[in-house]
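Student: my questions concern the predicted model and sequence given below.
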Amino acid sequence: MRLSAYSYTNQGGREHNEDSIRAVLDGGRGVFALADGLGGHACGEVASRLAVDILCGEGLDTVPGQAQLLERFQAANARILEQQKQPGQEDMKTTAVALSLDGSAAAWAHIGDSRLYHFSGGALVHVTPDHSVTYRKYLGGEISYMDIYHDDDRSSLLRVLGKASCSPEGGQGEAAPGDAFLLCSDGFWEFVYREEMLTDWLKAETPEQWAQFMLLRHIRRTPPGNDNFSLITIFAEDET
């Protein structure tokens with residue numbers, strides 16, 4: 001199996017881009033990470049950059065499984081806590097999502113509301129659950145899924161990197177030729193719905209084209225002063 005990927009980040013209507021993205025791939029193996037920094041005044045950018053650097057590691061000598069990804073999240077949290085000792089960076093934090101692919105083996109982990117979507121067999125088969133007050137309200141039946149996009153508590157996060165207590169969530173599964181993955185920050189997914197992601201994937205021939213289809217939807221909906229937004233699109237394809 002062969003992987004191809006496309007990465008994109010944009011500061012949107014904000015003064016600084018506090019999102020960070022990283023993709024390391026070779027043939028059918030890859031590690032991908034995206035983080036959405038919090039803290040303002042570019043401090044969030046420091047936290048998100050530290051996170052993706054540690055989550056992607058030094059290369060593909062070892063492709064991390066679920067347990068190893070969770071360990072990397074803990075290592076990233078420790079590094080951010082250490083960096084918070086620097087003046088002006090005391091409040092920096094970040095969400096993060098990471099995916100590793102090694103042939104047919106897929107593993108992922110996330111914290112906060114940066115998401116991973118997995119598409120297979122012409123359908124969306126998995127999306128990571130947000131660690132937010134709004135998502136908890138949805139799970140409790142207080143609001144509908146569509147309300148997640150607009151709920152007043154959507155930015156109230158329950159888990160992030162940069163707190164003494166760090167509780168990332170992980171998973172694992174299989175990847176097959178024809179599958180696709182999307183990692184994205186909330187500044188992207190809040191303006192592009194699941195059904196639209198699926199529709200655009202089904203008509204796209206490359207990860208870049210898939211991203212461009214979705215970004216066209218995004219740009220038509222974003223208000224002035226919109227948040228930073230980032231994405232990584234990945235196709236798994238036959239070698240031939």
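Tutor: Yep, that arrived.
Student: number of residues surrounding residue 104?
Tutor: 14 (other Cβ atoms under 10 Å). Where you see a C-beta, it was placed from the backbone N, CA and C, and this is true even at glycine.
Student: cool, and residue 224?
Tutor: Using other Cβ under 10 Å, residue 224 is surrounded by 6 other residues.
Student: how many other residues sit next to the closest residue to residue 122 other than its chain neighbours?
Tutor: Nearest residue to residue 122, sequence neighbours excluded (Cβ to Cβ, 6 or more residues apart in numbering): residue 202, at 6.6 Å. Using other Cβ under 10 Å, residue 202 has 12 neighbouring residues.
Student: which stretches of the protein form strands?
Tutor: Along the chain, the stretches classed as strands by DSSP state E are 2-10, 19-26, 29-38, 93-102, 105-111, 115-120, 123-127, 169-174, 180-184, 229-237.
Student: for the third one, packing partners?
Tutor: Looking back up the chat, that one is strand 29-38. Packing partners of strand 29-38 (3 or more Cβ pairs under 8 Å, 6 or more residues apart in numbering; DSSP states H and E): strand 2-10, strand 19-26, helix 43-56, strand 93-102, strand 180-184, strand 229-237.
Student: need these in TSV (columns: mean neighbour count, mean pLDDT and distance to residue 82).
Tutor: Output for these, formatted as TSV (neighbours: other Cβ atoms under 10 Å; pLDDT from 0 to 100; distance: least, Cβ to Cβ, whole Å):
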stretch	mean neighbour count	mean pLDDT	distance to residue 82
strand 2-10	18	97	25
strand 19-26	21	96	18
helix 43-56	25	95	9
strand 93-102	27	97	14
strand 180-184	26	98	26
strand 229-237	25	97	25
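Student: as JSON lines, the ones you listed with distance to residue 144 would be great.
Tutor: As requested, those are exported to JSON lines (distance: least, Cβ to Cβ, whole Å):
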{"stretch": "strand 2-10", "distance to residue 144": "29"}
{"stretch": "strand 19-26", "distance to residue 144": "28"}
{"stretch": "helix 43-56", "distance to residue 144": "30"}
{"stretch": "strand 93-102", "distance to residue 144": "23"}
{"stretch": "strand 180-184", "distance to residue 144": "21"}
{"stretch": "strand 229-237", "distance to residue 144": "24"}
